[in-house]
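Student: Sequence plus predicted model, see below.
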Amino acid sequence: MSKTIVIGACGQIGTELTLELRKIKGINSVIAADVKDESPEILKDGIYVKMDILNSLMVREYIIKHQIKEVYLLAALLSATAEKNPDFAWRLNMEGLFTILELAKEGHITKIFWPSSIAVFGPTTPKDNTPQVTVMEPTTVYGISKQAGERWCEYYFNKFGVDVRSIRYPGLISYTSLPGGGTTDYAVDIFYKAKAENTFNCFLSADTELPMMYMEDAIRATIELMEAPSEKVKIRSSYNLSGCSFTPAQLAKEIQQIQPGFTITYSPDFRQQIADSWPNSIDDLSAREDWGWKEKYGVSEMVRIMLENVDVNSMV
Ligand code: NAD
Ligand code: AKB
């Protein structure tokens, strides 16, 4: 079995993706890599390597030496954190991608997954059922880096035949690992506060509708896209993907169905402006038609699972 590496494996997506890939490919075939000194306990069974994606020499040497053929490149600064450190965010989000695209161009890597985001859209994009191909004028450094990354992925596919695949993830909701500094993080935080304190102060306004997805759906989509025959992957920039859409007020109502005493208050901060520039909902017809995508989880089911499983002791 050829080797796979997940770079950014200690993050919200990386933790669950690594676990799932290890189930499918075998524990010794999937290497977890991250800039952190140690992996979380949950990944301790398999191989872990401390790797800074910005150290392109080390990344190149490791991938070539260990004959790694499939790369999931997840390391990035997310929207809210990136706004606080735009120069570094641009560097981190772009340089790592070039290192991996170049390795594939040289023939060392055969397949790449690189995630994009709904952040590629901006205030001039149609907000409802945002189409696959539309106006894209992102206003955040994170969105600009994702949009540029999409263009480069498509370029390397067209010019050099690099097999790179990508999804524009919506906000992802999960309980295994905490989210890492995004605008959609409220939709995870809310469950921890609901369980610990039965109340939540939201950093977005009550009626801010955003596209979201339960993590299990996102992991399945990622693996389905990576396993799809190459000719079915017709979009080499990044695929729109839709799970469910809701506002903080609607999410709070769903929580109240299970915890009737739950209350929510609103104190919008700088993340409101970011959220206001993003779509309400996404049209993902291309993903459905090209490689058979279909979501499994709606809001009510996701809320039930989150309330059952979040561990308030892991809250920082
Ligand atoms: P995260 O912040 O939870 O995890 C990112 C991981 O990358 C962290 O473990 C971090 O330590 C690691 N990392 C940071 N700098 C690194 C470096 N220099 N070298 C190696 N590793 C480094 O992020 P996430 O939510 O898991 O997102 C993963 C990817 O998916 C990102 O590209 C993000 O833009 C994209 N995405 C995420 C969401 C979401 O809702 N989680 C939505 C859309 C797109
Ligand atoms: C963020 O909020 O930055 C991420 C994303 C949608 O890309 N969750």
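Tutor: Perfect, thanks for sending it. Predicted model, so just to flag it, every value in this text is computed and none were measured. Ligands and ions are numbered 1, 2, ... in the order given.
Student: so which strand or helix has the residue nearest to S281 when sequence neighbours are not counted?
Tutor: With sequence-adjacent residues excluded and distances taken as Cβ to Cβ, 6 or more residues apart in numbering, S281 is closest to S245, at 4.2 Å. (C-beta placed from N, C-alpha, C; glycine too.) Element membership for S245 (DSSP states H and E) is strand 244-246.
Student: before we move on, back to that, count the residues that sit near the residue nearest to S281.
Tutor: Neighbour count for S245, taken as other Cβ atoms under 10 Å: 20.
Student: ok, now which ones touch it?
Tutor: The contact partners of S245, taken as Cβ atoms under 8 Å, 6 or more residues apart in numbering, are E209, L210, P211, M212, N280, S281, I282.
Student: any idea what sits nearest the first one, other than its immediate chain neighbours?
Tutor: Spelled out, it's E209. For E209, ignoring the flanking residues on the chain, the nearest one in space by Cβ to Cβ, 6+ apart is N280 at 4.1 Å.
Student: Equivalent analysis for the last one, please.
Tutor: Excluding its sequence neighbours, the residue lying closest to I282 (Cβ to Cβ, 6+ apart) is S242, at 4.2 Å.
Student: who touches that neighbour in this structure?
Tutor: S242 makes contacts with P170, P211, M213, S281, I282, D283, D284, E295, as judged by Cβ under 8 Å, 6+ apart.
Student: Figure out the helix or strand that D87 lives in.
Tutor: Assigned by DSSP H and E, D87 belongs to helix 86-105.
Student: packing partners for that helix?
Tutor: helix 56-65, strand 68-73, helix 79-84, strand 111-113, helix 141-160 (3 or more Cβ pairs under 8 Å, 6 or more residues apart in numbering; DSSP states H and E).
Student: Which residue lies nearest the spatial centre of this protein?
Tutor: The centroid of the chain falls nearest to Y169 when counting by Cα atoms, centre = their mean (5.3 Å).
Student: near ligand 1, which residues of the stretch 51-200 of the chain show up?
Tutor: Within the stretch 51-200 of the chain, the residues that sit near ligand 1 (Cβ under 6 Å from any ligand atom) are 51-54, 74-76, 78, 92, 115, 117, 169, 171-172, 179-180, 182, 184.
Student: Is T4 located within a helix, as I assumed?
Tutor: No: looking at T4 with DSSP: H, G, I helix; E, B strand; the rest coil, it is strand, so not inside a helix.
Student: mind checking which helix or strand E20 is in?
Tutor: Assigned by DSSP H and E, E20 falls within helix 12-25.
Student: Do any residues in that helix lie close to ligand 2?
Tutor: No: Helix 12-25 does not reach ligand 2 (Cβ under 6 Å from any ligand atom); its nearest approach is 8.3 Å.
Student: Tell me what angle that helix forms with strand 68-73.
Tutor: Counting by axes from the mean of the first three to the mean of the last three Cα atoms, to 10 degrees, helix 12-25 lies at 150 degrees to strand 68-73.
Student: Torsion angles phi and psi at whichever residue of the chain sits closest to ligand 2?
Tutor: Residue nearest to ligand 2 within the chain: G182 (2.5 Å; Cβ to the nearest ligand atom). G182 adopts backbone torsions of phi -100, psi 180, taken as degrees, to the nearest 10.
Student: give me the number of residues near it?
Tutor: Around G182 there are 23 other residues, counting by other Cβ under 10 Å.
Student: Excluding covalently adjacent residues, which one is nearest to it?
Tutor: Counting by Cβ to Cβ, 6+ apart, the nearest residue to G182 once its immediate chain neighbours are dropped is L78, at 4.0 Å.
Student: Next up, the contacts around that neighbour.
Tutor: Y142, P179, G180, G181, G182, T183 are the contacts of L78 under Cβ under 8 Å, 6+ apart.
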